[in-house]
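1. have a look at this prediction, sequence included:
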Amino acid sequence: MKRRFAIPALAAALAATAISAFAQAPAGAAAAGSGASYWLGRWDGRLEIGEGGVPFSVRVVDGGALLDLPGEELYGYPSASATASADGLRLSFRFGGGLLELTGRLDGGRVAGAFSQGAAGGAFSMGRSAEPPAPGVERAARGADGAALYGTLLSPSAGSGRPPLVILHAGLGAADRDGDNYNSRGRHRALRALAEALAARGVASYRYDKRGSGASTWLVPSEEDQSYEAWIADLAAVAAVLARSGEYSGVWLLGLNDGAAIAAAAANALRAAGAPVAGLVVACASADGVRDAYAKAVARAPEGLRAEGEALVASLSAGHIVDPVSSYYSDAFRPSEAELAAYRGPCLLVQGNMDMQATLADLLALRAARPDALVSMPARMNHVLKDVSQDVEDNRAAFADPSYPVSAELVDAIAGFIEGTFVGLP
């Protein structure tokens with residue numbers, strides 16, 4: 001669901017037209033033109049507004065640009081358009097308060113120019129970021145239709161031979177390769193933290209920006225056009241290619257939150273194709289995690305089929321397996337429990353004891369679908385895999401603060417599951 005929040009510092013400075021980070025999915029951004037390759041990468045700068053200024057960063061990618069306003073806890077906001085030449089760059093971002101446009105020219109390795117939003121505006125400047133890149137290698141995988149899905153491959157230290165590989169899939173919506181979503185304040189970088197912890201345990205990982213998120217935002221026209229089925233097909237395609245590479249001892253899939261349904265469905269698709277993955281990890285998942293997607297399918301259904309669809313949503317929300325369904329809904333409705341029950345390979349269910357979103361009832365429903373699955377319940381882990389205290393505000397803070405540590409119990413469970421040494425809860 002989209003969220004709206006104000007950007008107070010800019011709103012105060014640009015009194016004429018306040019910028020608000022209304023998560024309005026941008027229309028397809030134009031790919032940067034000639035000279036675009038020079039601009040690729042991260043740039044840091046300041047919007048000069050009155051006293052001082054507002055720090056910002058943009059990451060220019062093949063499809064457009066992603067904007068960070070750290071002072072306003074806004075990260076990875078995708079551009080509505082991005083064009084570049086050998087010495088000039090023009091970016092626009094569609095906010096609730098109107099179109100924010102930045103136009104600059106290259107001068108001595110830095111960029112200087114002007115920004116505007118309606119009648120308000122000012123100057124800006126930026127240069128290449130000094131922030132070190134995330135550990136790992138930037139690598140584009142190919143989706144089911146050949147589209148480039150940008151991601152990060154993180155391997156253990158050299159000399160580890162053919163390590164096991166876990167493909168990390170974020171939740172639904174605009175959640176990117178790190179698990180973060182520009183519709184929410186702050187960032188937690190849960191999947192990045194997990195990838196780094198697994199590498200220290202000898203486990204390689206690949207995490208990517210699925211369609212409609214991060215550097216892959218512009219593969220779909222708008223947030224409403226994101227496709228559950230496309231995500232499944234993409235994950236299956238990525239896993240198949242990495243498995244065939246011969247670089248890894250095996251390939252595992254991990255789905256975080258609502259992404260667990262995607263991972264389970266992709267695992268089933270690969271098994272049906274004769275290329276099963278080595279195992280599946282379901283992390284902090286609701287038993288009806290794709291309910292919103294199903295509700296959308298019902299809303300788009302012909303009028304005569306909506307009653308059936310509404311009944312299906314009610315059954316899924318109650319934790320019931322829905323089988324059979326009519327041919328119309330057979331593709332649209334793929335509940336987590338049903339996908340998990342259909343999966344025949346090794347499975348690990350992980351539920352944080354401090355998770356305030358997915359509940360013990362969800363875990364029990366998923367385990368009922370797969371009674372033979374191993375179960376881990378890290379004592380301090382919350383919904384985004386971070387260790388927190390029993391304080392509710394501390395739990396919530398971890399959703400917007402990457403400094404919270406990823407659960408060590410989670411890392412132990414996944415590493416042990418892959419090694420075949422993890423016993424799990426009775």
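-> Perfect, thanks for sending it. The model shown is predicted, which means the values in this text are computed figures rather than measured ones.

2. make it CA atoms for all contacts and neighbour counts henceforth
-> Will do.

3. okay, now the unreliable bits of this protein?
-> 1-36, 159-160, 223-224, 288-297, 300, 315-336 (pLDDT under 70).

4. show me how it divides into domains.
-> 8-128, 137-290+334-419 (automatic domain parsing).

5. pretty sure residue 217 sits against residue 76.
-> No: Residue 217 is beyond contact range of residue 76, at 10.2 Å (criterion: CA atoms under 8 Å).

6. most tightly surrounded among the domains of the chain?
-> domain 137-290+334-419 (a mean of 21; mean count of other CA atoms under 10 Å).

7. how about the domains of the chain in JSON lines, adding distance to residue 426?
-> Shown next, in JSON lines, are these (distance: least, CA to CA, whole Å):
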{"stretch": "domain 8-128", "distance to residue 426": "41"}
{"stretch": "domain 137-290+334-419", "distance to residue 426": "8"}
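
8. residue 301 is nearest to which of those?
-> domain 137-290+334-419 (15.2 Å; CA to CA).

9. so residue 285 sits in a strand?
-> No: looking at residue 285 with DSSP: H, G, I helix; E, B strand; the rest coil, it is coil, so not inside a strand.

10. list the contacts for it?
-> Residue 285 makes contact with 256, 257, 258, 259, 260, 351, 358, 362, 363 under the criterion CA atoms under 8 Å, 6 or more residues apart in numbering.

11. and if you look at residue 171?
-> With the criterion set at CA under 8 Å, 6+ apart, residue 171 makes contact with 179, 255, 256, 257, 258, 259, 260.

12. out of those residues, list just those in helices.
-> 259, 260 (DSSP state H).

13. just the contacts of residue 171 now: which is nearest residue 272?
-> Using CA to CA, the contacts of residue 171 come closest to residue 272 at residue 260, 18.4 Å.

14. ok, the closest one touching residue 254?
-> Yes: look at residue 260 against residue 254 with CA under 8 Å: they come within range, at 6.9 Å.

15. what sits in contact with each of the two?
-> Common neighbours of residue 260 and residue 254 (CA under 8 Å, 6+ apart) are 169, 281, 282, 283.

16. and of those, the nearest to residue 64?
-> residue 169 (22.4 Å).

17. what about the closest one, distance to residue 211?
-> 12 Å (CA to CA, to the nearest Å).

18. and for residue 349?
-> 26 Å.

19. how about residue 276?
-> For residue 276, the distance to residue 211 - CA to CA - is 23 Å.

20. then residue 111?
-> 30 Å.

21. got it, and residue 98?
-> Taken as CA to CA, the span from residue 98 to residue 211 is 25 Å.

22. now do residue 65
-> 15 Å.

23. nearest to residue 310, of the domains of the chain?
-> domain 137-290+334-419 (14.0 Å).

24. circling back: quick check, nearest of the contacts of residue 171 to residue 145?
-> Closest to residue 145, out of all of these and judged by CA to CA, is residue 259, at 20.2 Å.

25. surely the closest one is in contact with residue 175?
-> No: using CA under 8 Å, residue 259 makes no contact with residue 175, being 9.5 Å away.

26. please name the bridge partners of residue 114.
-> residue 103, residue 123 (DSSP bridges).

27. surely it touches residue 105?
-> No: counting by CA under 8 Å, residue 114 sits too far from residue 105 to count as a contact (9.6 Å).

28. got the CA positions of the longest helix seen in the chain in PDB?
-> Looking across the chain with DSSP H, the single longest helix is helix 228-244. Extracted as PDB, the C-alpha positions of helix 228-244 are listed here (Å, rounded to 0.1, in the frame of the first residue of the first chain):
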ATOM      1  CA  TYR A 228       3.100 -11.700  -8.900                       C
ATOM      2  CA  GLU A 229       3.400 -14.200 -11.800                       C
ATOM      3  CA  ALA A 230       6.300 -12.200 -13.400                       C
ATOM      4  CA  TRP A 231       8.200 -12.200 -10.100                       C
ATOM      5  CA  ILE A 232       7.800 -16.000  -9.900                       C
ATOM      6  CA  ALA A 233       9.000 -16.500 -13.400                       C
ATOM      7  CA  ASP A 234      11.900 -14.200 -12.900                       C
ATOM      8  CA  LEU A 235      13.100 -15.900  -9.800                       C
ATOM      9  CA  ALA A 236      12.900 -19.300 -11.400                       C
ATOM     10  CA  ALA A 237      14.800 -18.000 -14.400                       C
ATOM     11  CA  VAL A 238      17.500 -16.400 -12.200                       C
ATOM     12  CA  ALA A 239      17.900 -19.600 -10.100                       C
ATOM     13  CA  ALA A 240      18.100 -21.800 -13.200                       C
ATOM     14  CA  VAL A 241      20.900 -19.800 -14.700                       C
ATOM     15  CA  LEU A 242      22.900 -19.700 -11.500                       C
ATOM     16  CA  ALA A 243      22.400 -23.400 -10.900                       C
ATOM     17  CA  ARG A 244      23.700 -24.200 -14.400                       C
END
